[in-house]
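**Q** quick one, structure for this:
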Amino acid sequence: MTEAITTDDIRTYYIGALHALRSASEQGEAAANHLRDKARTEAVQSAIQDYGTTAKAHSDRIASLLDALGEAPNDFTDRIMKGIGNGTQEMMRAAPEGPAIDLAVLSGGRTGVQYLRDGFASQPVTCRSIGLDDQAEVWAGMADEWRELKDRMNAVSAGLLDRATSGQSDAA
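**A** Residues are numbered from 1 along each chain as shown. Just a heads-up that it's a prediction; the model follows:
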C-alpha cells in the first residue's frame, strides 16, 4: 500500500526546488559573466549578457518567494547546473580558436537557459497544488522569459552557422 503525499510533503519538496533553482540561477549568472568575455560577436555578447541579467533577476525573485514562505536562501549548490558549467568549459576547450568559440559560448549558454526554463516551467503545477497561485504566476512568467531568451539564442546560433556555411564573415 502506498502512502498519500501530503500537502506538507509537497511544500517541503517545493522549498527544496526553490533552493535548487536559486542556486542554478546564481550559477547561470556567474557563467554568463565568464562567457560574455569569451564571445567574439556583438550578437553573442548581447545574448549572453541577457542570460546573466535574467539569471540575477530570477535569483532575486526566488529569494523573495522563499521569504514569503518564511525561508531564507541556503548554501545549496545545484549539481546539474554545475555539470552544465563543466560541460561548457569542455566545449570551450574543444572549440578551435576563432569564430567557433561563439558556437561553444552559445551552446553552453543555451544549455543553461534550457535547464532553467524547464525547471521554472515545472513549478506552477506544484504551487497550485498547495494553494500558492500567486507564486505559480511568478514561475510561469519567469519560464516565459527563459523561453524567449532560448529562442533568441537559437536564432543567433543559426545565423552564425548560416554565415559560416555560406562563406560570409563572422563579424556580425
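**Q** what is the neighbour count of the nearest residue to Met142 once chain neighbours are set aside?
**A** Nearest residue to Met142 in three dimensions, chain neighbours excluded: Phe120, at 4.9 Å (CB to CB, 6 or more residues apart in numbering). Quick note: C-beta positions are derived from backbone N, CA and C, even for glycine. Look at Phe120: counted by other CB atoms under 10 Å, it has 25 neighbours.
**Q** please apply the same query to the one 10 residues further on.
**A** By other CB under 10 Å, the residues close to Ile130 number 17.
**Q** now do Asn86
**A** Neighbours of Asn86 (other CB under 10 Å): 9.
**Q** name the element it belongs to?
**A** Element membership for Asn86, per DSSP states H and E: helix 79-94.
**Q** same question for that helix: list its buried residues.
**A** By neighbour count on 16 or more other CB atoms under 10 Å, the buried set for helix 79-94 is 81, 84-85, 88, 91-92.
**Q** what is the nearest of those residues to Val105?
**A** Among these, Met92 lies closest to Val105 (CB to CB), at 7.4 Å.
**Q** contact partners for that closest one?
**A** Contacts for Met92 (CB atoms under 8 Å, 6 or more residues apart in numbering) come out as 38, 101, 104-105, 108.
**Q** out of these, which end up buried?
**A** 38, 101, 104-105, 108.
**Q** ok, back up a step: I figured the residue nearest to Met142 hits Leu18, correct?
**A** No. Between Phe120 and Leu18 there is no contact under CB atoms under 8 Å: 10.8 Å.
**Q** Three-state assignment for the residue nearest to Met142, please.
**A** At Phe120 the chain is in helix, as set by DSSP: H, G, I helix; E, B strand; the rest coil.
**Q** residue ranges of the helices in the chain, please?
**A** Secondary structure of the chain (DSSP state H): helices at 7-36, 42-68, 79-94, 100-121, 123-129, 133-166.
**Q** identify the farthest-apart pair in the contacts of Met92.
**A** Greatest spatial distance among those (CB to CB): Ile101 and Gly108, at 10.7 Å.
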